[in-house]
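Let me see the structure of the following:
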Amino acid sequence: MVQSAEADADADAKYTCPMHPDIVQDHPGTCPICGMTLVKLANGETIKHSDLVHVDIETQQRMGVRLEPAAVTDMHRAINTFATISQDESRTVSVNSKVEGWIKHWYVQGVGQRVHKGQVLYELYSPELQQRQREYLDLLTRRDAMQEKNKGMEMSGPNVAMMGSLAKERFRVRDRLLAADIPRDELELLEAGRRVQDVMPVRATQNGIVTATSAREGSYVNPMQQLLVYTDNSRVWAEVTVFPDQMSWLKNGDEIVLTSGLDNTTQLKSRINLSTLQIDAASRTAKLRLPLSNVGDAFLPGAYAKAVIKSGVHRTLSVPRDAVIRTGHGEFVVVSEGNGHFRSVPVAIGIEDEHSVEIRSGLTVGASIAVNGQFLLDAASSLQAMQSRLAPNPKEAEHKADM
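Below is the predicted model of the structure:
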């Protein structure tokens, strides 16, 4: 009885063409129109064709439909953003007097002035500094006297100990003079001339630009007072802004090209370092810090710069950007089923570059995609589906006619 039921089911089987639903026959075979293999239908089953649209060759040509296969490609992207230039804090010098005194001469004109390493910034008159010089000269005199006394004689134990003690004290006082910002060449002059200098010059320790000043000629100064600040801008920081949709592209070592916002011509190349990444909670953006060599002062602190990040290679399944239809219900592509038949397929997209879009799901490699004219195809597909829903059911029409 079971075999008889199966035989009856096979006898009642119907086969149809997925592309041409009007082709129905009771045995396997191929479609006489398109040559596709016929599909077996379950008892009473029909194929849903409302999501298909047929466009003949001539119409495709008029619509400008161009087909391309979905393929695994190497995707690149140039991320265009901007950067803010800021000072390198490690190259900023804050000048404080190490002793109390009065500024005899002040050579800094104001903020923005360039200073050079070794340039005299101001001259200080300080009784405390004079006393340190006298103490140092006294130690030098005692050392010289002891050396003269023991000249030509074998050094005994007590004399050796005394010379060692004098040497230690001399180096201690010498270090105190150096710590008070007395230049080494001035200290050498003191040792050679054996004469206390009433006014001591204070020199710049590096090149830079004055960014703050609070002293004037004749001012009284003490160790708690900041006199001026200058910064070496030969190296600066570039803080590059990266937006959330760009983060997935970034990798350590990606090349970045910065163009000066001051002259719009000077360019510098660097590599990004993701370990410097910080999130700005207020703007919900990420900041990358890059050290820059400020050639020709084209990247000054406070200025902006154009930034282009050349991301690394991403090998993935992709389709042309123009092939993706973006709607409020998701993204779709129009797939060619062959012989002028097209179907809208929902897809999940990923990263994008200037030409391609990553397809994470919904398509397979080699699927034929409509690149141009897909909007018209999607509209035609929707129109056909609407017409199918509005068309009266033949059985209902016959029933109404009989009534």
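
Any idea how far apart the tips of stretch 333-349 sit?
This stretch, stretch 333-349, spans 11 Å end to end (Cα to Cα, to the nearest Å).

What residues of that stretch count as buried?
Neighbour counts over stretch 333-349 (16 or more other Cβ atoms under 10 Å) mark 333-337, 339-345, 347, 349 as buried. For every residue, glycine as well, the C-beta is placed using N, CA and C.

just stretch 160-175 next, same as before
Met162, Met163, Leu166, Glu169, Arg170, Val173, Arg174.

Dump those residues to TSV, plus distance to Gln60 and secondary structure.
Below are those laid out as TSV (distance: Cβ to Cβ, whole Å; DSSP: H, G, I helix; E, B strand; the rest coil):
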residue	distance to Gln60	secondary structure
Met162	108	helix
Met163	105	helix
Leu166	103	helix
Glu169	99	helix
Arg170	98	helix
Val173	96	helix
Arg174	92	helix
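
As CSV, these with distance to Val257 and pLDDT would be great.
Formatted as CSV, the buried residues of stretch 160-175 follow (distance: Cβ to Cβ, whole Å; pLDDT from 0 to 100):
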residue, distance to Val257, pLDDT
Met162, 68, 76
Met163, 64, 76
Leu166, 62, 81
Glu169, 59, 86
Arg170, 56, 84
Val173, 55, 88
Arg174, 51, 88
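
What is the nearest of these to Gly208?
Arg174 (27.6 Å; Cβ to Cβ).

Tell me if I'm right that that closest one and Arg184 touch.
No. Using Cβ atoms under 8 Å, Arg174 makes no contact with Arg184, being 10.0 Å away.

picking up where we left off before, pull the most distant pair out of the buried residues of stretch 333-349.
Spatial extent of the buried residues of stretch 333-349 (Cβ to Cβ) is set by the pair Asn339 and Ile349 at 28.0 Å.

Domain map for this structure?
As recorded under automatic domain parsing, the domains making up the chain are 2-47, 57-74+315-390, 78-88+233-312, 98-224.

Ranked by average pLDDT, which of these falls at the bottom?
Comparing mean pLDDT over the domains of the chain, the weakest stretch is domain 2-47, at a mean of 65.

ok, residues contacting the one helix or strand Arg134 maps to?
In this structure, Arg134 is located in helix 127-149 according to DSSP states H and E. For helix 127-149, contacts defined as Cβ atoms under 8 Å, 6 or more residues apart in numbering pick out 99-101, 159, 162-163, 166-167, 169-170, 173-174, 176-177, 180, 182, 190-191, 194-198, 200.

And stretch 257-264, by the same measure?
Among residues not part of stretch 257-264, those counted as contacts by Cβ under 8 Å, 6+ apart are 83, 238, 265-270, 290, 292, 298-300, 303-308, 310.

before we move on, back to that, going by neighbour count, which residues in the helix holding Arg134 are buried?
The neighbour-count check on helix 127-149 (16+ other Cβ under 10 Å) flags Leu129, Gln130, Arg132, Gln133, Glu135, Tyr136, Leu137, Leu139, Leu140, Arg143 as buried.

of the residues you listed, closest to Ser361?
Taking Cβ to Cβ as the measure, Ser361 lies nearest Leu129 of those, at 77.4 Å.

And the nearest residue to Ser344 once chain neighbours are set aside, how close does it get to Gly112?
Closest residue to Ser344 apart from its sequence neighbours, by Cβ to Cβ, 6 or more residues apart in numbering: Phe332 at 4.9 Å. To Gly112, Phe332 is 59 Å away according to Cβ to Cβ, to the nearest Å.

Looking at the two, which is more packed in?
Set side by side, Phe332 and Gly112 show more neighbours around Phe332, with 20 against 8, by other Cβ atoms under 10 Å.

Which strands or helices does the helix or strand harbouring that one pack on?
Using DSSP H and E, the element containing Phe332 is strand 330-338. Counting contacts by 3 or more Cβ pairs under 8 Å, 6 or more residues apart in numbering; DSSP states H and E, strand 330-338 is packed against strand 325-327, strand 341-352, strand 368-372, helix 374-390.

Give me the contact list for the third one.
For strand 368-372, contacts defined as Cβ under 8 Å, 6+ apart pick out 63-70, 319-320, 322-323, 333-336, 338, 342, 363, 377.

And those residues, which of them are buried?
Buried members of those, counted by 16+ other Cβ under 10 Å: 63, 65, 67-68, 70, 319-320, 322-323, 333-336, 342, 363, 377.

Need the max-distance pair from the residues you listed.
Largest separation among the buried ones among the contacts of strand 368-372 by Cβ to Cβ: Met63 and Leu363, giving 21.7 Å.

Flag every buried residue along whichever helix or strand Ala83 is part of.
Per DSSP H and E: Ala83 is located in strand 78-87. Under the neighbour-count criterion of 16+ other Cβ under 10 Å, strand 78-87 has Ile79, Thr81, Ala83, Thr84, Ile85, Gln87 buried.

Kindly report the same for stretch 351-359.
By 16+ other Cβ under 10 Å, the buried positions in stretch 351-359 come out as Ile351, Glu352, Asp353, Ser356, Val357, Glu358, Ile359.

Report the two of those separated the most.
Using Cβ to Cβ, the buried residues of stretch 351-359 span at most 13.3 Å, a distance reached by Asp353 and Ile359.
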